[in-house]
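J.: The amino acid sequence is not available; the structure is as follows:
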Ligand code: IMP
């Protein structure tokens, strides 16, 4: 029987950000968010599946900061973006709505990556309609090269090269999410 590591063997072209570099970026995002919401309740809303690690690591990093938010609640929304294999079309299908009420709350949408911006724009518009007290957006990896809409991003972690990337929650055909670092795949992977 083969292991997951063996499945991934030979598929990685290069590491873009190591696990410690990602952890450092999360700490910096946490510090900024904790300062901006000091003394206030905060709802961190992770966008599944890609943001699963970002939101859990971010929530725990915020907890380690003194004088941060008065409370942190974590919730998830699950969407699937249509498109070709490596780029979304902005046609978003809601698979799971929030469990928590958004109205009147301080909400930070936490996304894994923003590319053309259509997915985040959809989510921002959807949640803004529900009249949160404050609505902010946090993105770990920013790919600004093919932006089609000018969606506001309040907290950006790391710049991402103009490549399709995997790891730390990001997938290719549902694989590679559990790589602890961000990576570029070898070209042959896309042709199989
Ligand atoms: P956008 O709508 O183009 O901004 O893309 C948003 C979504 O597309 C992200 O939440 C990811 O799920 C996916 N995505 C965009 N770029 C990548 C990538 O390089 N690797 C994996 N998923 C990506």
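T.: Noted; the coordinates are in hand. This structure is a prediction, so every number in the text was calculated from the model and none was measured. Numbering: from 1, shown residues only.

J.: residues in contact with the closest residue to residue 67 other than its chain neighbours?
T.: Spatial nearest neighbour of residue 67, chain neighbours left out: residue 38 (5.4 Å); criterion: CB to CB, 6 or more residues apart in numbering. C-beta coordinates here come from the backbone N, C-alpha and C atoms, glycine included. Listed by CB atoms under 8 Å, 6 or more residues apart in numbering, the contact partners of residue 38 are 67-69.

J.: Residue 146 now?
T.: Contacts of residue 146 by CB under 8 Å, 6+ apart are 87, 115-116, 162.

J.: So it versus residue 50, what's the distance?
T.: According to CB to CB, to the nearest Å, residue 146 stands 17 Å off from residue 50.

J.: Select only the buried ones of the contacts of residue 38 in PyMOL?
T.: Here is the PyMOL selection string for the buried members of the contacts of residue 38, based on 16 or more other CB atoms under 10 Å:
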select buried, resi 68+69
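
J.: Let's see which of the contacts of residue 38 end up in strands.
T.: Within the contacts of residue 38, no residue falls in strands by DSSP state E.

J.: how far is stretch 23-32 from where the chain is centred?
T.: In terms of CA atoms, centre = their mean, to the nearest Å, the centre of stretch 23-32 is set 13 Å apart from its chain centre.

J.: I misspoke; the intended subject was stretch 89-96.
T.: Worked out by CA atoms, centre = their mean, stretch 89-96 lies 15 Å from the chain centre.
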